[in-house]
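Visitor: Any chance you can model this:
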Amino acid sequence: MAFKRVVWSLVELEWLKKNRTKPVNQLCIALSKTQGAIKKQLKLLDDPAAAKKMTLPGRRRSKIGKRKDCNNLFFRSGWEANVYRYLKTDKTVRLIEYEPTTFSFTSFGILKGTVSYTPDFKVTFKDGTYIWIEVKGGWMKTQDGTKLRRFKKFFPDEFSKLEAVTPGPTSKTTKFFEGMRIKIRCMYPELNRQCKNTVAHWE
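Guide: Got it, this is the predicted structure:
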């Protein structure tokens, strides 16, 4: 008998990472996954060597892991690591935080499915203002669209500070963000052309 491969969405992985200390049986109920699938995913999160072999939805293979030049932060893709390096070159930036905040929708009655959203970066400028940045290198999945719509609905003030890094002007991902009226901070192909020969450790 063939076993069906367990598929994890980015939203589910984000939620598991933030709630990993809860009992496994609670995690199984919340994520509708088996104990085996939950334990395997927790092991991957705890083992950087194994995590490098993971392929997350919409992300490039073998790019997950810590970067010594990025304060030893753990990133899920080379795009995220490079965006961090790019932000470090901005002299107006005071602080760059990777996934510092998870916005939960549970208090608004959302108890199943897409229950939270974690922006990739919080960027605080020297004048005290800040923005959130979402790096979206892959295609938009249903869950991705849902979490952004709910973020806009339930946290409108924070949503107004959200910006995105997307694949290119003709991609469905870019058009989705534009349709949501989310500012495109930059498109990754252009960023790559500008920085690959000038920013240290660029991938």
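Visitor: I'd like the distance between the spatially most central residue of the chain and Gly109.
Guide: The residue lying closest to the centre of the chain (CA atoms, centre = their mean) is Asp120, at 4.4 Å. For Asp120, the distance to Gly109 (CB to CB, to the nearest Å) stands at 26 Å. Heads up, the C-betas are built off the backbone N, CA and C, glycines and all.
Visitor: Considering only helices and strands, which part of this protein has the lowest mean pLDDT?
Guide: Within the chain, judged by mean pLDDT, DSSP states H and E, the helix or strand with the poorest mean is helix 48-51; its value is a mean of 53.
Visitor: Beyond that helix, next helix or strand please.
Guide: Using DSSP states H and E, the next helix or strand after helix 48-51 towards the C-terminus is strand 65-67.
Visitor: Show the average pLDDT along the next helix or strand after that following strand.
Guide: On the C-terminal side of strand 65-67, the nearest following helix or strand under DSSP H and E is strand 73-75. Averaging the model's pLDDT scores along strand 73-75 yields 90.
Visitor: got it, and stretch 162-172?
Guide: Rounded to a whole number, the mean pLDDT of stretch 162-172 is 94.
Visitor: Now it: buried residues?
Guide: When neighbours are counted by 16 or more other CB atoms under 10 Å, the buried residues of stretch 162-172 are found to be 162-167, 171.
Visitor: any idea where the helices of this structure begin and end?
Guide: For the chain, the helices identified by DSSP state H occupy 10-18, 24-31, 35-46, 48-51, 78-88, 142-154, 156-159, 172-179, 188-195, in order along the chain.
Visitor: Quick check: which of those is buried the most?
Guide: Of all the helices of the chain, helix 78-88 has the most neighbours on average by mean count of other CB atoms under 10 Å, namely a mean of 21.
Visitor: I would like the residues contacting it, please.
Guide: For helix 78-88, the external contacting residues (CB atoms under 8 Å, 6 or more residues apart in numbering) are 59-60, 63, 67, 69-70, 73, 75, 93, 96, 98, 120-121, 123, 133, 135, 137, 165, 186, 188, 191-192, 195, 199-203.
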